[in-house]
Each structure stands twice: as structure tokens, then as C-alpha cells.
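1. Structure for this input, please:
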Amino acid sequence: MKVVIIEDEVELGQLIGNFIRRKATTNTVKTATTIHDGLLYVEEFHPDLVFLDNNLPDGKGINIIGDIKRMGDLRIVMMSAMTNLREEALKKGVDFFIDKPISFVEIQKILNE
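-> Next comes the predicted model:
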């Protein structure tokens with residue numbers, strides 16, 4: 001499993017990445033802090049799973065869901081404290097929506113699917 005995490009809170013991105021490395025069989029976990037870098041990682045590494053924050057320094061994650069989906073057969077996990085985004089994110093094609101603060105129990109469930 002290859003994973004890209006697009007999260008501008010560096011410590012949170014590292015925590016999620018470390019958790020995934022411990023709990024899943026993964027060749028690659030890449031963490032980006034901007035949409036620009038995140039899209040480059042998705043294009044380059046063809047991940048199976050993308051964790052996507054909404055509020056990023058160079059835009060809103062919700063606006064790039066379609067761009068990510070067009071890059072391959074992958075699943076997207078939207079992460080946001082703004083629970084009112086859930087319905088819109090699911091309509092745009094995310095596979096999972098996790099409320100912030102992040103629950104590692106929820107991440108484990110996603111990894112198990």
C-alpha cells in the first residue's frame with residue numbers, strides 16, 4: 001500500500017504517517033504540506049490512499065478531490081474539523097470523511113478495508 005498525506009500541520013502529518021507505517025503493509029508514505037506538493041506526490045507515486053486536509057496554505061482540499069480522482073484508482077480520506085463539509089466531500093467523491101481531531105481508531109478501520 002502506498003499512501004500520500006496532504007496535511008499542513010506537520011506534526012499531525014507525521015503522526016498519521018507513523019501510525020500507517022506501523023499498522024499497514026506499505027512501501028511508501030509521503031507527506032505534503034501544500035496542495036501543490038500533494039498533487040505532485042499523487043501523480044508521481046500513484047498511491048492507493050490519499051489523506052486530504054481541507055484548509056491548506058495554497059487552497060481548499062475539497063476543491064481538488066476531482067483532480068486527485070482523475071489521477072488513478074485510489075481512495076480519498078478527507079480530514080476536517082468542519083463537519084458541514086462531509087456531505088459535499090462525499091458528493092465530490094471522497095471515500096471516507098474523518099472529523100478532526102483525528103481518531104486513529106477510524107484510520108485503522110479505513111486501513112482494514
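2. use CA for all of it now, contacts and neighbours both
-> Will do.
3. So the residue positioned nearest the centre of the chain versus residue 94, what's the distance?
-> Closest to where the C-alpha atoms of the chain average out (Cα atoms, centre = their mean) is residue 51, at 0.8 Å. Between residue 51 and residue 94 the computed distance is 10 Å (Cα to Cα, to the nearest Å).
4. between those two, what contacts are shared?
-> Residues within reach of residue 51 and of residue 94 at once, by Cα atoms under 8 Å, 6 or more residues apart in numbering, are 76-78.
5. Run through the residues that contact residue 83.
-> Shown in contact with residue 83 (Cα under 8 Å, 6+ apart): residue 99.
6. And stretch 60-69, end to end?
-> From start residue to end residue, stretch 60-69 stretches across 16 Å - Cα to Cα.
7. May I see the buried residues of that stretch?
-> For stretch 60-69, the neighbour count (16 or more other Cα atoms under 10 Å) marks 61-62, 65, 68-69 as buried.
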